[in-house]
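Chemist: Model the following, please.
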Amino acid sequence: MAKQSSLKRVKTSAKVRLRNRKKKATIKTAIKEFDKVIKEKDLELAKQLLINCISLLDKAKSKKIFHKTKVNRIKSKLSEKLNALSQSL
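Modeler: All right, here's what the predicted structure looks like:
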């Protein structure tokens with residue numbers, strides 16, 4: 001019996017791992033897009049992308065893809081970048 005349940009656990013772990021990797025990749029892409037817009041100094045688009053990034057990060061935090069303190073740290077850094085851009089303009 002232990003063999004069957006352990007094999008099932010391996011399969012489900014693989015599925016969850018793939019799902020988590022896809023969500024992490026989506027978040028990383030959104031953050032890279034935000035950084036690109038910050039370099040281009042487009043404040044309005046940056047605000048929209050920040051909202052999108054924060055939403056994605058909060059969803060990942062609720063599903064335990066990222067630890068809550070890591071999510072807070074990333075959100076803080078993104079907000080600092082946006083504030084620095086708004087101060088410079």
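Chemist: How many residues are close by S13?
Modeler: 10 (other CB atoms under 10 Å). In short, each C-beta sits where N, CA and C put it, glycine included.
Chemist: In terms of helix, strand or coil, where does it fall?
Modeler: Under DSSP: H, G, I helix; E, B strand; the rest coil, the three-state class of S13 is helix.
Chemist: Distance of the spatially closest residue to D58 that is not a sequence neighbour relative to V10?
Modeler: Distances taken as CB to CB, 6 or more residues apart in numbering place V71 nearest to D58, at 7.0 Å, with adjacent residues excluded. Applying CB to CB, to the nearest Å, the value for V71 to V10 is 28 Å.
Chemist: for K39, same thing?
Modeler: According to CB to CB, K39 stands 43 Å off from V10.
Chemist: How about I51?
Modeler: Separation of I51 from V10 (CB to CB): 38 Å.
Chemist: Could I get the buried residue list for stretch 30-46?
Modeler: For stretch 30-46, burial by neighbour count (16 or more other CB atoms under 10 Å) applies to 30-31, 34, 37-38, 46.
Chemist: What lies in contact with it?
Modeler: Applying CB atoms under 8 Å, 6 or more residues apart in numbering, the external contacts of stretch 30-46 come out as 49-50, 52-53, 56, 74, 78, 81-82, 85-86, 88-89.
Chemist: What average pLDDT does the helix or strand I38 falls within get?
Modeler: Counting by DSSP states H and E, the element that carries I38 is helix 2-40. Averaged over helix 2-40, pLDDT sits at 95.
Chemist: could you give the angle of the helix or strand just after it to helix 2-40?
Modeler: Once the chain leaves helix 2-40, the next helix or strand it forms, by DSSP H and E, is helix 43-62. Angle, helix 43-62 to helix 2-40, by axes from the mean of the first three to the mean of the last three CA atoms, to 10 degrees: 160 degrees.
Chemist: next helix or strand past helix 43-62?
Modeler: Sequence-wise, the next helix or strand downstream of helix 43-62 (DSSP H and E) is helix 68-88.
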